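[1] need a 3D model of the following:
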Amino acid sequence: MGASKNKKQRFLLAHPNCYFCGGIATTIDHVPSRQCFKDGIGPESYEFPACARCNNAAGRMEQVVALYMHLSNHEQSSLSSDQLNKLVSGVINNDADLLPNTNLGTNKKRKLARAWGYVPPEGETYADAPIAELPKENRRAFELFERRLTCAFYYKHAGKILPNGHVIRTEHIAYMHPNAEELFEGIVPMLTNTERPSRQNQSIGDQLIYGWRYDNTEDFFLMLAQFGKSFFIIGTAAIPNSETDDESYRLHSDDLVPSV
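    Below you'll find the model as predicted:
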């Protein structure tokens, strides 16, 4: 326990301010949350300084995103039943309205399947298809997760805290989205760096891979992250300008939790 406490103190001495709001850091935040990884084992060096307020504000929404991430992962060995049950129980207890709706009729399943380009395998009907509808309200969980991820990666690669006056735009795209490749055509060539986060003496596979670009002159940051075979997240952070003058970009100051 003493070694762990000393390690935390050294980390916070080196990183005294919250990566998200710029306040005094008193905790260490794992971004992405360890819940997003199989058995809760995430990559090393993805720890960020955080104030207690910002760290605590994200927990429930991170749990929601982690659940969807694992449920939508097309890797069969995504996680253990114990980990899945713990996530499901947590969301039921804290945010039951954000659980997927699995009680769908055949017509609704067919409509959703066609929208996503899903065709049931031979011998299976749309009624049997493993399709669920996501509540619109879960967008707020994903948006918080995406914006925190963008701020954390900006901090890691730009080497500073994202200014409150910058704007952020994020989007998440399902791994199986029929037009995913087209959506990334204009982004991938812009990325100048690729990261494969890892953990010493323990394989975490390809649960997280991302590319990024930082322009110091314009203070512009762009990243594209892939979470296994679940989904992709695009994050952009920039100084407000004519190109960011639409509702998809929101000020980072809007993210910050008011002091009580």
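
[2] helices along the stretch 1-150 of the chain, start to end?
    2-14, 52-71, 81-95, 106-115, 139-158 (DSSP state H, counting those that start in this stretch).

[3] can I get those in JSON lines with distance to Asp246 and mean pLDDT?
    All C-beta atoms are positioned from the backbone trio N, CA, C, and that covers glycine. Shown next, in JSON lines, are the helices of the stretch 1-150 of the chain (distance: least, Cβ to Cβ, whole Å; pLDDT from 0 to 100):
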{"stretch": "helix 2-14", "distance to Asp246": "38", "mean pLDDT": "88"}
{"stretch": "helix 52-71", "distance to Asp246": "25", "mean pLDDT": "91"}
{"stretch": "helix 81-95", "distance to Asp246": "30", "mean pLDDT": "88"}
{"stretch": "helix 106-115", "distance to Asp246": "25", "mean pLDDT": "84"}
{"stretch": "helix 139-158", "distance to Asp246": "16", "mean pLDDT": "96"}
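
[4] as TSV, these with mean neighbour count and distance to Met190 would be great.
    As requested, those are exported to TSV (neighbours: other Cβ atoms under 10 Å; distance: least, Cβ to Cβ, whole Å):
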stretch	mean neighbour count	distance to Met190
helix 2-14	11	31
helix 52-71	20	25
helix 81-95	14	34
helix 106-115	14	29
helix 139-158	21	14
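
[5] Glu182 and Ala152, how far apart?
    28 Å (Cβ to Cβ, to the nearest Å).

[6] for Phe227, same thing?
    The gap separating Phe227 from Ala152 is 14 Å, by Cβ to Cβ.

[7] swap in Gly22?
    14 Å.

[8] again with Pro178
    30 Å.

[9] ok, Leu134 next?
    On the measure of Cβ to Cβ, Leu134 and Ala152 end up 24 Å apart.

[10] with Gly205 instead?
    Using Cβ to Cβ, we find Gly205 at a distance of 21 Å from Ala152.

[11] confirm Thr194 sits in a strand?
    Yes: under DSSP: H, G, I helix; E, B strand; the rest coil, Thr194 falls within a strand.

[12] what bridges to the closest residue to it other than its chain neighbours?
    Counting by Cβ to Cβ, 6 or more residues apart in numbering, the nearest residue to Thr194 once its immediate chain neighbours are dropped is Gly211, at 4.9 Å. Using DSSP bridges, the beta-bridge partners of Gly211 come out as Thr194, Leu224.

[13] from here on, count from 14
    OK, 14 is where the count begins now, so the last one is Gly224.

[14] hang on, Gly224 packs against Arg209?
    No: judged on Cβ atoms under 8 Å, Gly224 makes no contact with Arg209 at a distance of 10.4 Å.

[15] who has more neighbours out of these two?
    Gly224 (18 against 12; other Cβ atoms under 10 Å).

[16] separation between the more buried one and Leu25?
    30 Å.

[17] also Cys64?
    For Cys64, the distance to Leu25 - Cβ to Cβ - is 11 Å.

[18] many thanks, we can stop here.
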